[in-house]
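Asks: I'd like to go over a predicted model; first the sequence, then the structure.
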Amino acid sequence: MFNKIQNRLLLNHPLLWNTRIVTALIIATVINIIFFIGGYIYGAIDFTEYKSADYYVDETIAFVTFFSVILSLLLFIIWLVYYLRNNAYKYFYPKQKASLYKEWLLIFVICLINCLYTVSFLYGKEVRLKGYYTEAEALKRLDVISKASMFADNTWHFEADTIINEKNIHREYFTYKGKKYLFRSLVNMETYSFSLQDHEQDSVNRVTVQQWLVANKKDSVNHVMQQLLQIAKEHNLKANLTPQQWLDNVYNYPDFNKYLVIGANDYAPVHGYDYRYERNSDLNEDLSEYDLTLKYDAESNIVRIVDGKKEIDPKYYIPLDQLEYAYSKISEGWTNPPLQPEILIVVLYLSIGLSLIIFSFRVTSGRDWLIALVSFGVTAIITGVVSALITNVFFRNVMLIDDEFFFLTIWVVIVLLLLCYFIYIAKKNASKGISAIIINHLLWLLPAVIPVIAAIVFDISKEFNEQIPVDEGYVTIYNPVYLFLENYIMLIVALNILLVFAYMYFFTVSIKKWKGIAEA
Amino acid sequence: MNEFKKQFNEVRELLKFDDYALVVKRIIDFTLDTGQVDFYKKTADLLDWLDDKPNSADTKQKLDALLDDLYSYLSTKPLGERNKILEAIDLKKAYSPAAFALGPVNIELFEGDIIGLVGENGNGKTTLLRLLCGELFATSGNLNYNFKYDDKYDRRTKLVYIPQRTDTWRGSMFENLVFTAAMYGYSPDENHLIVQLTIARLGLRKYRQHKWKDLSSGYKMRFELARMLLRKPKVLLIDEPLANLDILAQQTVLEDFRAIAKSPFRPLGIILSSQQLYEVEKTSDQVIFLKHGVQKNLYDAEAQQTQLVIEFESEWSQSMLNDVLSHFGLVSLQFNGGTYIATFNDATTVHSFLQLVTERQVPLAYFRDISNSTRRFFVS
């Protein structure tokens, strides 16, 4: 099939044949699809999974990235072997004005698709996570879990404590809607929160349940319990009580002091979690006011002696931990998707960089390319040392910018000078001189000029922010340039990509004309 | 009789003497002259038939029939004009004040003409070719190209320069030539046909799928010529094309150059450099001798040689020869690399020289009248 396509392209579109774009795209697309499927599978949620108590880093993404880099390199090498077989430009075959631009775009497309493997994986994961439920349905379910979490093994709302004279006063009672409740009352229970829920919704869920309790809306509570156990059932998660039993064991109007702790999972003892950690703040604490064991009903729960210690397991449990763990992943899928815009910008810049490195080799020669690389390295070392000496030794007190930004400033000037040299050579009716090497430098460095200038201006503008003393502290008055760049620097970096595509048209047209200039 | 009819009659003569190989080459030339896909197909079919039946008794008849067809089409086609395509006026190239300098060189190249560049190594032949193709820029003088171009790159697409050491290419020969044809705008219908004809024209048919590393130097040069033909250049500049060829191949390639340049419908200007003086002189319309960058033209009216200059080899010593020849208008006798160069006054002719050596029984191993050859520039 590939041969047939290639033969057709050779006769009809020799540039497409030469770049092997169709073959490269088909292979790279297949690999991207495989990575996407991999990400989709990886993104699957195991609703029966418990949150691990151990802190661990998921190395899957790192492994996928490493593997995709190796695969990309391998495919690049194979593609380059075929691509570099023929070079119409080198032999002065007729080319249209924009032919080199088209060729660079083709190289860019190949580089881009060959750099997308990890992105495809992440996107597959994102699609899987978002594919479970629509955003509205996910929110609805998260609200059910949040509301129901007040009726299971959970923490109390510690804002009920009061801080007086920097001392944390733990109170046994708190007042809500004009009624006094015990601190450990069900009315003071916390709710689970998820990233998809905004902060207000988080509070609304808790207040809603509190109001049901105060107004004795038993049916509403029962409905939430039913909904939660229905969700659990959908995911084949088990609870060892019915909604009615759950309600009966926890609902105790009007004070809600007597309730059986319903386990949030089927394995952890009620006191498996030391609540005192929650209260370990910088403030002076007095834990003696609370008898934590009050929370537990030893009669209604299961009491066991493990290693000589009393352990109280809840008699009833619901799979709340599993639901919270699974649905927090769904929630993250919406609020913090694996595929971030920053990743796309990085991939775009990486593809532009790679395509320009290959293109520069293509339009000059291996020798010029290598000399350009070595001269770039040597100049970078020299300018690095010079900028460090100037900013840190000779003009330490007068420099507005750090040595790294001074280094970048030198390079911006160098690139602009190189550009002037290229224009001079292109206009002059003589020899190419060293312009082949300079073209390499310009192709590699020009895309970075605008972002680097923005970074330098941003760094300098910091110096013009004013610190104004107000009362006992300071208020910073930011200068407008600083504020603008702080807000828009990422946009500038993104828009610079468009600029690169725009100027490359004119640059490639000039490079084609430049090729006709005498060598010596 | 126009140029086409003259050439066509020569081919008929070749066919009469069963010189099929040459006839096929010329048929391909005529076929390419038609610019018609139908003829490309006919000739390509004939080539396939010849491959299948190399010794068939019908060969002559087949060739004859195709020649008739070609004649009926081409005899009505207008001939190509032979304009001045390139002119160099007082062209100079100096690398640095102290180093070698070429020029001033004056050249006029017409379509259909071949100019030979000869001279010792390091005397500016390659520099001149590179100047003419634009690979080097001239320190002074003018270089005029009589064809349209948009920019210097576009100009280079119409000037084919083949250096002595050609670049390595990758992939099969056929694939490379198809790519070249596609880049030069041949339609998909004619691409493969024209490449097949070009390959056959240069005797590369058996090597179609060969790669660069599989070809000898001679065939690499033929590949370059095939590629050049597909590029339809205005001017072909070629450096030492005979350098790696055996004597038979040299003659074949030079004959190919001549046929390509003198095409009645697609005449091409060729400038080639070579050390093979006599072969180049036979083929070229003008021969330029370069010594220390200074130009001497073989066929300049001012430089026409009136003295007789004979190159010969003899086992006699220089003084014995001098004794014999000095009485017959000998101006000088030089011994150079195993051969003698004898210059006589304008009263002496080649026949009187031969008569003398016969009468005096001077032993001769080799003899050539170089009065009108650049060979004399090498020794003067």
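Replies: Structure's in. What do you need?

Asks: could you list the domains of the chain?
Replies: Chain wasn't specified; assuming chain A. With domains defined by the TED database, chain A comprises A:1-131, A:135-279+A:293-332, A:364-519.

Asks: chain B, not that one
Replies: What automatic domain parsing lists as the domains of chain B is B:3-74, B:84-301, B:305-378.

Asks: which one, of the ones you listed, ends up nearest to A:T175?
Replies: A:T175 sits nearest to domain B:84-301 of all these, at 86.4 Å, using CB to CB. C-beta: built from backbone N, CA, C; applies to glycine.

Asks: weakest of the domains of chain A in terms of mean pLDDT?
Replies: If you rank the domains of chain A by mean pLDDT, domain A:135-279+A:293-332 sits at the bottom with a mean of 81.

Asks: now tell me what touches stretch A:36-50 from outside.
Replies: A:60, A:64, A:120-129, A:132, A:235-237, A:265, A:267, A:321-323, A:325-326, A:329-330, A:333, A:338 (CB atoms under 8 Å, 6 or more residues apart in numbering or on different chains).

Asks: so which of the residues you listed reach chain B?
Replies: Near chain B, judged by CB under 8 Å from any CB of the partner chain, there are no entries from the contacts of stretch A:36-50.

Asks: and chain A, which residues reach chain B?
Replies: By CB under 8 Å from any CB, the residues of chain A that approach chain B are A:10-12, A:14, A:17-18, A:84-86, A:88, A:90-95, A:429-431, A:512-513, A:515-520.

Asks: weed out the non-buried ones from those.
Replies: Among the residues of chain A next to chain B, those buried by neighbour count (16 or more other CB atoms under 10 Å in any protein chain shown) are A:10-11, A:14, A:17-18, A:86, A:88, A:91-93, A:95, A:512-513, A:515-518.

Asks: how near is the closest residue to chain B within chain A to B:A88?
Replies: Nearest to chain B, among the residues of chain A, is A:G516, at 2.7 Å (CB to the nearest CB). For A:G516, the distance to B:A88 equals 18 Å [CB to CB, to the nearest Å].

Asks: cool, B:R130 as well?
Replies: Here the criterion is CB to CB. By it, B:R130 lies 13 Å from B:A88.

Asks: same check on B:L102?
Replies: Going from B:L102 to B:A88 by CB to CB gives 11 Å.

Asks: and A:N265, what does it touch?
Replies: Contacts of A:N265 (CB under 8 Å, 6+ apart): A:Y50, A:Y317, A:P319, A:L320, A:D321, A:Q322.

Asks: what strand or helix carries the fifth one?
Replies: Secondary structure assigned from DSSP states H and E places A:D321 in helix A:320-335.

Asks: could I have that helix exported to PDB, CA atoms only?
Replies: Extracted C-alpha coordinates of helix A:320-335, given in PDB (Å, rounded to 0.1, in the frame of the first residue of the first chain):
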ATOM      1  CA  LEU A 320     -17.800   6.100  50.900                       C
ATOM      2  CA  ASP A 321     -14.000   6.000  50.800                       C
ATOM      3  CA  GLN A 322     -14.000   4.100  47.600                       C
ATOM      4  CA  LEU A 323     -16.600   6.500  46.100                       C
ATOM      5  CA  GLU A 324     -14.700   9.500  47.300                       C
ATOM      6  CA  TYR A 325     -11.400   8.200  45.800                       C
ATOM      7  CA  ALA A 326     -13.000   7.300  42.500                       C
ATOM      8  CA  TYR A 327     -15.100  10.400  42.100                       C
ATOM      9  CA  SER A 328     -12.200  12.700  43.100                       C
ATOM     10  CA  LYS A 329     -10.500  11.300  40.000                       C
ATOM     11  CA  ILE A 330     -13.500  12.100  37.800                       C
ATOM     12  CA  SER A 331     -13.600  15.600  39.400                       C
ATOM     13  CA  GLU A 332      -9.900  16.100  38.700                       C
ATOM     14  CA  GLY A 333     -10.500  15.000  35.100                       C
ATOM     15  CA  TRP A 334     -12.700  18.100  34.700                       C
ATOM     16  CA  THR A 335     -10.900  20.600  36.800                       C
END
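
Asks: which other helices and strands does it contact?
Replies: Other elements packing on helix A:320-335 under the criterion 3 or more CB pairs under 8 Å, 6 or more residues apart in numbering or on different chains; DSSP states H and E are helix A:117-131, helix A:135-148, helix A:218-234.

Asks: and that helix with helix A:218-234, angle?
Replies: Interaxial angle of helix A:320-335 relative to helix A:218-234 (axes from the mean of the first three to the mean of the last three CA atoms, to 10 degrees): 80 degrees.

Asks: sort out which residues of helix A:320-335 are buried, please.
Replies: By neighbour count on 16+ other CB under 10 Å, the buried set for helix A:320-335 is A:320-331, A:333-334.

Asks: and the angle for it with helix A:117-131?
Replies: Calculated by the same axes, to 10 degrees, helix A:320-335 forms an angle of 120 degrees with helix A:117-131.

Asks: for chain A, what are the nearby residues on the stretch 151-300 of chain B?
Replies: B:151-157, B:167, B:169-171, B:175-176, B:178-180, B:182-185, B:188, B:191-192, B:231.

Asks: tell me the confidence at the residue in chain B that chain A sits nearest to?
Replies: Proximity of chain B to chain A (CB to the nearest CB) peaks at B:K152, 2.7 Å away. Per-residue confidence (pLDDT) for B:K152: 94.

Asks: what number of residues lie near it?
Replies: The number of residues packed near B:K152 is 17, by other CB atoms under 10 Å in any protein chain shown.

Asks: repeat for A:D143
Replies: By the criterion of other CB under 10 Å, A:D143 has 21 neighbours.

Asks: surely it meets A:Q201?
Replies: Yes: using CB atoms under 8 Å, A:D143 makes contact with A:Q201 at a distance of 7.3 Å.

Asks: that older thread, rebuild the helices and strands packed on helix A:320-335 as JSON lines, extending it with distance to A:D307.
Replies: Shown next, in JSON lines, are those (distance: least, CB to CB, whole Å):
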{"stretch": "helix A:117-131", "distance to A:D307": "41"}
{"stretch": "helix A:135-148", "distance to A:D307": "33"}
{"stretch": "helix A:218-234", "distance to A:D307": "32"}
